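Asks: show me the folded form of this:
(one chain, ligands or ions: 1)
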Amino acid sequence: MLRQDEISTVQININDKTFILHKGESIFQMLLRQEMIFLSFCGGKGRCGRCRIKFHKGTTLPSASDRLFLTPDEIRSGIRLACTSKPKTDCVIDLIMEEKKDTKIISSYDLSDWEDSKYEESEPKAVIAVDIGTTTLAMQLILTLNSHIEAEYRKMNPQRAYGPDVISRIEADGRGEGSRMQKLIRDEVEHGIRILLEQYKLQFKETDANNRIPVVIAGNTVMQHIFMGFSTATLGIHPFTPVDVREQKLQIAGENIAFMPGISAFVGADIVAGVYALKMCSQENKNKVSLLIDLGTNGEMALGNAKKLLVSATAAGPAFEGRSISPMDGTDLIDITAELLKQGILDETGLMVEPYFEQGYQYKNNTVTQEDIRALQMAKAAICAGIRIMMREYPITPEAIDTVYLAGGFGYYLDTNSAAIIGLIPEELAGKVKAVGNTSLMGAYLYGRNADAREEVLTITELAIPVNLAEQEGFEENYLESLHFPQQDRKENHGFI
Ligand code: FES
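Replies: Now for the predicted structure:
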């Protein structure tokens with residue numbers, strides 16, 4: 001409940017509806033409160049220029065960010081950024097902010113390695129698997145008898161309005177927005193559960209309330225903390241201590257929910273689910289060393305087998321999830337970057353030749369800008385340097401690594417040839433890459449289905465040794481070295497161990 005002195009008298013009229021601004025609030029914050037913003041690229045800090053509104057009455061003075069992102073004509077016509085607009089009088093506005101096309105939400109994966117595991121009577125009839133990503137939410141109802149996906153529910157993570165990455169969510173939590181973000185994601189998950197269960201009941205005429213379907217969630221540690229209502233304050237500062245990454249049990253809409261365990265502030269249940277789903281630490285694979293890379297915002301990695309497992313995460317940034325400055329999909333960006341390199345439009349340092357440096361390069365319906373290329377360079381450098389440091393710390397040579405699993409929506413569509421051209425994966429590993437889709441969702445399903453999963457997953461979390469890449473000697477040098485694109489006719493070793 002707001003105190004009287006926190007309520008301002010300013011009324012904002014949008015599409016004939018009236019909203020009241022709280023004292024000191026920007027229009028962006030009011031829109032967030034009303035759940036009328038679905039996406040921002042900077043979390044309302046005046047740094048992305050996306051949250052555009054048009055004033056018809058009560059126009060505010062232009063802010064420094066307005067002047068930076070808007071043309072004089074736009075400013076004259078009453079266009080402003082919502083996050084720097086704090087009107088003192090009543091106003092009438094239109095929302096004209098861009099809504100980026102939705103990122104592909106991947107819920108595919110390959111269960112063929114699990115075909116031999118027979119259905120046990122003791123297993124539940126179905127499992128609802130949930131993958132809460134920083135950007136997307138994927139849910140499936142899967143029949144355990146034949147692993148058939150009976151129904152799916154996919155949405156963008158409604159917390160996107162608070163910024164594109166885990167750092168912006170931690171910052172929003174620090175500003176007191178944690179419970180709102182928690183409510184947003186819980187409501188969405190609850191809605192998904194209801195829809196999936198309704199479809200299941202309709203299909204199977206299931207009425208027995210005792211026949212509960214377990215719901216298993218996987219997600220990174222920040223998503224898990226917000227979902228559970230834990231403070232994220234310690235996740236973003238040294239020594240990066242999570243509140244609790246053990247398995248969490250709760251009930252939502254009367255259903256039993258398990259949030260899978262994670263490992264550290266940087267390596268969450270999504271990676272644990274992936275390591276389990278890919279059988280990286282199973283006894284049958286004890287003589288193979290595999291590398292799992294989840295190409296999301298955090299670029300999480302796991303390297304090893306049942307004897308030794310190193311895990312880490314790099315701040316890969318949003319380029320891979322199609323959330324760089326341009327609305328282009330991450331896979332498209334890699335393909336076109338590879339093409340630009342081959343054509344000589346882009347040089348080894350990542351500079352586009354004129355006139356593309358100024359105006360960007362037109363590709364399908366999008367424009368690849370110099371900024372897109374920079375974001376991609378930083379992301380791929382973080383991944384590449386991360387792989388090198390992980391191999392050095394293990395220690396292992398690229399030749400001794402059996403398979404490189406690329407997980408996440410992005411990995412599923414990745415052209416491994418283009419990835420090699422831009423140097424995303426060190427050259428020596430390029431031939432070992434296997435795109436495995438959403439292993440977080442796959443692991444969540446198997447966790448709900450397999451009676452012995454809890455024990456195996458616990459073993460994985462105990463075995464895993466987190467490596468804080470940023471603290472490792474040589475990370476910075478490796479990162480800087482990896483910023484350049486490989487020369488196109490280059491055959492020599494890339495300084496890789
Ligand atoms: S400038 Fe990024 S949300 Fe306003």
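Asks: could you use CA atoms for every contact and neighbour count after this?
Replies: OK.
Asks: which residues of the stretch 301-450 of the chain score low on pLDDT?
Replies: Within the stretch 301-450 of the chain, the set of residues satisfying pLDDT under 70 comprises 315-329, 365, 409-413.
Asks: what packs against the helix or strand hosting Glu152?
Replies: Assigned by DSSP states H and E, Glu152 falls within strand 148-156. For strand 148-156, the helices and strands in contact under the criterion 3 or more Cα pairs under 8 Å, 6 or more residues apart in numbering; DSSP states H and E are strand 136-143, helix 178-204.
Asks: quick one: contacts for Cys42?
Replies: By Cα atoms under 8 Å, 6 or more residues apart in numbering, the contact list for Cys42 reads 48, 162-164, 168.
Asks: that's a strand at it, yeah?
Replies: No. Assigned with DSSP: H, G, I helix; E, B strand; the rest coil, Cys42 falls outside any strand and is coil.
Asks: dump the helices and strands packed on strand 148-156 into TSV; add mean pLDDT as well.
Replies: Supplementary listing: these in TSV, determined by pLDDT from 0 to 100:
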stretch	mean pLDDT
strand 136-143	92
helix 178-204	91
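Asks: next, format these as a markdown table and append distance to Tyr445 and mean neighbour count.
Replies: Listed next are the helices and strands packed on strand 148-156 as a markdown table, based on distance: least, Cα to Cα, whole Å; neighbours: other Cα atoms under 10 Å:
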| stretch | distance to Tyr445 | mean neighbour count |
| --- | --- | --- |
| strand 136-143 | 7 | 24 |
| helix 178-204 | 14 | 17 |
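Asks: would a markdown table of the ones you listed with distance to Ser418 be doable?
Replies: Formatted as a markdown table, the helices and strands packed on strand 148-156 follow (distance: least, Cα to Cα, whole Å):
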| stretch | distance to Ser418 |
| --- | --- |
| strand 136-143 | 25 |
| helix 178-204 | 35 |
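Asks: nearest to the ligand, of the ones you listed?
Replies: helix 178-204 (16.5 Å; Cα to the nearest ligand atom).
Asks: related to what we said a few turns ago, roughly how far is the strand holding Glu152 from the heart of the chain?
Replies: 18 Å (Cα atoms, centre = their mean, to the nearest Å).
Asks: helix or strand right after it?
Replies: Downstream of strand 148-156, the first helix or strand assigned by DSSP H and E is helix 166-172.
Asks: ok, and what's touching that following helix?
Replies: Residues outside helix 166-172 that contact it (Cα under 8 Å, 6+ apart): 42-43, 134, 159, 162-163, 178, 222-223, 232-233, 235-236, 297.
Asks: same check on stretch 9-28?
Replies: Outside stretch 9-28, the residues that reach it (Cα under 8 Å, 6+ apart) are 5-8, 30, 37, 44, 51, 82-95.
Asks: how much space between Gln370 and the ligand?
Replies: From Gln370 across to the ligand, the span is 19 Å (Cα to the nearest ligand atom, to the nearest Å).
Asks: can you pull the domain assignment for the chain?
Replies: 4-95, 112-271, 279-483 (automatic domain parsing).
Asks: kindly check the end-to-end length of the longest one for me.
Replies: The straight-line separation of the ends of domain 279-483 (Cα to Cα, to the nearest Å) is 33 Å.
Asks: ditto for the second one
Replies: As for domain 112-271, its first-to-last residue distance stands at 19 Å under the measure Cα to Cα.
Asks: chain center to that domain: distance?
Replies: 14 Å.
Asks: ditto for stretch 51-70
Replies: In terms of Cα atoms, centre = their mean, the centre of stretch 51-70 is set 30 Å apart from its chain centre.
Asks: okay, buried residues for it please.
Replies: 51-55, 59-60, 62, 65-66, 69-70 (16 or more other Cα atoms under 10 Å).
Asks: I'd like to know how many residues surround Ala272.
Replies: No, residue 272 isn't Ala; it's Val. Neighbours of Val272 under the rule other Cα atoms under 10 Å: 28.
Asks: contacting residues for the closest residue to it other than its chain neighbours?
Replies: Closest residue in space to Val272, ignoring its immediate chain neighbours: Gly262 at 6.3 Å, by Cα to Cα, 6 or more residues apart in numbering. Neighbouring residues of Gly262 by Cα under 8 Å, 6+ apart: 220-221, 245-247, 268-272, 461.
Asks: sec struct for the residue most central in space within the chain, please.
Replies: Geometric centre of the chain, nearest residue: Thr134, 3.8 Å, by Cα atoms, centre = their mean. Following three-state DSSP, Thr134 is assigned to coil.
Asks: quick check: residues of the protein near the ligand?
Replies: Residues of the chain lying close to the ligand (Cα under 6 Å from any ligand atom) are 40-51, 81-83.
Asks: let's see it at 8 Å
Replies: If contacts are counted using Cα under 8 Å from any ligand atom, the residues of the chain sitting beside the ligand are 28, 40-52, 65, 81-84.
Asks: which ones among those residues are found in helices?
Replies: Judged by DSSP state H, helices contain the following of the residues of the chain next to the ligand: 28, 65.
Asks: if we can go back for a sec, filter the contacts of stretch 9-28 to the buried ones?
Replies: So, by 16+ other Cα under 10 Å, the buried ones in the contacts of stretch 9-28 are 30, 37, 44, 51, 82-88, 90-93, 95.
Asks: quick one: stretch 424-437 to chain centroid distance?
Replies: 20 Å.
Asks: what comes up buried for it?
Replies: Neighbour counts over stretch 424-437 (16+ other Cα under 10 Å) mark 424-430, 432-437 as buried.
Asks: let's have those in JSON lines, adding distance to Tyr200 and secondary structure.
Replies: Shown next, in JSON lines, are these (distance: Cα to Cα, whole Å; DSSP: H, G, I helix; E, B strand; the rest coil):
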{"residue": "Leu424", "distance to Tyr200": "42", "secondary structure": "coil"}
{"residue": "Ile425", "distance to Tyr200": "42", "secondary structure": "coil"}
{"residue": "Pro426", "distance to Tyr200": "45", "secondary structure": "coil"}
{"residue": "Glu427", "distance to Tyr200": "46", "secondary structure": "helix"}
{"residue": "Glu428", "distance to Tyr200": "47", "secondary structure": "helix"}
{"residue": "Leu429", "distance to Tyr200": "43", "secondary structure": "helix"}
{"residue": "Ala430", "distance to Tyr200": "42", "secondary structure": "helix"}
{"residue": "Lys432", "distance to Tyr200": "39", "secondary structure": "helix"}
{"residue": "Val433", "distance to Tyr200": "36", "secondary structure": "strand"}
{"residue": "Lys434", "distance to Tyr200": "33", "secondary structure": "strand"}
{"residue": "Ala435", "distance to Tyr200": "30", "secondary structure": "strand"}
{"residue": "Val436", "distance to Tyr200": "27", "secondary structure": "strand"}
{"residue": "Gly437", "distance to Tyr200": "25", "secondary structure": "strand"}
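Asks: any stretches of the stretch 101-250 of the chain with poor pLDDT?
Replies: Across the stretch 101-250 of the chain, the ranges flagged by pLDDT under 70 are 101-106, 118-119, 206-211.
Asks: now render the buried residues of stretch 51-70 as TSV, adding pLDDT.
Replies: Below are the buried residues of stretch 51-70 laid out as TSV (pLDDT from 0 to 100):
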residue	pLDDT
Cys51	88
Arg52	90
Ile53	93
Lys54	94
Phe55	95
Thr59	94
Thr60	94
Pro62	95
Ser65	89
Asp66	92
Phe69	83
Leu70	87
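Asks: for the stretch 301-450 of the chain, just list every one of the helices.
Replies: 330-343, 356-359, 370-393, 408-413, 416-422, 439-449 (DSSP state H, counting those that start in this stretch).
Asks: what's in contact with the last one?
Replies: Helix 439-449 is contacted by residues 107, 109, 111, 123-124, 126-131, 138-139, 142, 144, 214-219, 260, 269-278, 407-408, 453-454 when judged by Cα under 8 Å, 6+ apart.
Asks: all good on my end, thank you.
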